[in-house]
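Trainee: need a 3D model of the sequence below.
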Amino acid sequence: AAMAAAAEATAAWQRGEQLKREADGLLEQFASQGGITGGSPIALQQRLGGLSNELAAAVQEARSRAEMVNDTKARALVMRKVERLERDAADVQAAMEKQLGQFYRAKKQEEDREKLF
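Mentor: Modelled structure (predicted):
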């Protein structure tokens, strides 16, 4: 049972890492599009929002799984991974909010300009 808890915690951590990598890739794509041109910025922005929620949930799940690990050494190891994931996820969340904020500002400016003409 002790190893199962550690395995579940590691699996939850890996899921969080996977989502973080996906979010990083999406942020790069968003930034390279300038947030507006090319592709569908709305779809990209919706995906970023959804991914943000998934990532937050995955980080929470990883932490709660890690806290269930009884073996002190194994828990310490997985908690370090989870804490690093929490920091990384916070950075990704902040970058997402910044990108989305820029996107909304640019979109509003564009709409305001269109109203003038």
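
Trainee: can we go C-alpha only for contacts and neighbour counts from here?
Mentor: Noted.

Trainee: gap between residue 28 and residue 104?
Mentor: Per Cα to Cα, to the nearest Å, residue 28 is found 17 Å from residue 104.

Trainee: same check, this time on residue 22
Mentor: Separation of residue 22 from residue 104 (Cα to Cα): 22 Å.

Trainee: now the top helix by length along the chain: how far from the chain's centre is it?
Mentor: The longest helix of the chain (DSSP state H) is helix 72-116. In terms of Cα atoms, centre = their mean, to the nearest Å, the centre of helix 72-116 is found 6 Å from the chain centre.

Trainee: helices or strands up against it?
Mentor: helix 2-32, helix 41-67 (3 or more Cα pairs under 8 Å, 6 or more residues apart in numbering; DSSP states H and E).

Trainee: any idea how far the shortest one is from the chain center?
Mentor: Distance of helix 41-67 from the chain centroid (Cα atoms, centre = their mean) equals 5 Å.

Trainee: buried ones in that helix?
Mentor: 41, 44-45, 48-49, 51-52, 54-56, 58-63, 65-67 (16 or more other Cα atoms under 10 Å).

Trainee: also stretch 103-111?
Mentor: Buried residues in stretch 103-111, counted by 16+ other Cα under 10 Å: residue 103.

Trainee: quick one: mean pLDDT over it.
Mentor: Stretch 103-111 carries an average pLDDT of 79.
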